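Enquirer: What shape does this take:
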Amino acid sequence: MHAVDLSRQPYRRPPLSRATDPQRMNWLWRLLCEVADVSSADVVDALHASQIPIDQTRARSWVVSDRDDAFFPISIAEVERNLRAVLQLRKTIRENSELAGIDDGEGEPVPNMTDGKHKDVDGESAASATPEAHVTGAEENSSRGVSDAA
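Expert: Below you'll find the model as predicted:
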């Protein structure tokens, strides 16, 4: 069987399968959270560490279905800010963990936010995904007719 070397083929952009509204990027946020194993509690912790006020209810409102009463649209600017805050907190935790290990050799490592042991406020593990966290193109395309609740 002849294997095709895909690294030598030209890159082709995928077609746009949905309209993108920069004020309603919840589908992208849910996908990023799922891939990066980020829970609402992780986001709240990271934003608080960055001195950005937020409550657990708002953070959860970004990952629920747009048909849910608790839904709140997230903008592309919020997606970027949240990702940067999570990255910065993870970097700080990693650096502190390394320093603790170097200083006395017996430092207790700081738990990583992605170790699956970080609990959400409701006690749910960050590693367990809720059905609302899974995004399909059909869900988002069907939500185009729903007005933003700002």
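Enquirer: This structure: helices as residue ranges?
Expert: Per DSSP state H, the chain carries helices over the ranges 26-36, 40-49, 56-61, 76-104, 137-142.
Enquirer: Okay, now the unreliable bits of the chain?
Expert: 1, 102-150 (pLDDT under 70).
Enquirer: Distance of residue 38 relative to residue 73?
Expert: Distance of residue 38 to residue 73, computed by CB to CB, to the nearest Å: 19 Å. C-beta here means a position set from N, CA and C on the backbone, and glycine is covered the same way.
Enquirer: hmm, I was thinking of residue 86
Expert: Taken as CB to CB, the span from residue 86 to residue 73 is 20 Å.
Enquirer: So for the two, which sits in the more crowded spot?
Expert: Ranked by neighbour count (other CB atoms under 10 Å), residue 86 and residue 73 place residue 86 first, with 23 against 18.
Enquirer: I'd assumed residue 36 was in contact with the more buried one.
Expert: Yes - Residue 86 is within contact range of residue 36, at 7.5 Å (criterion: CB atoms under 8 Å).
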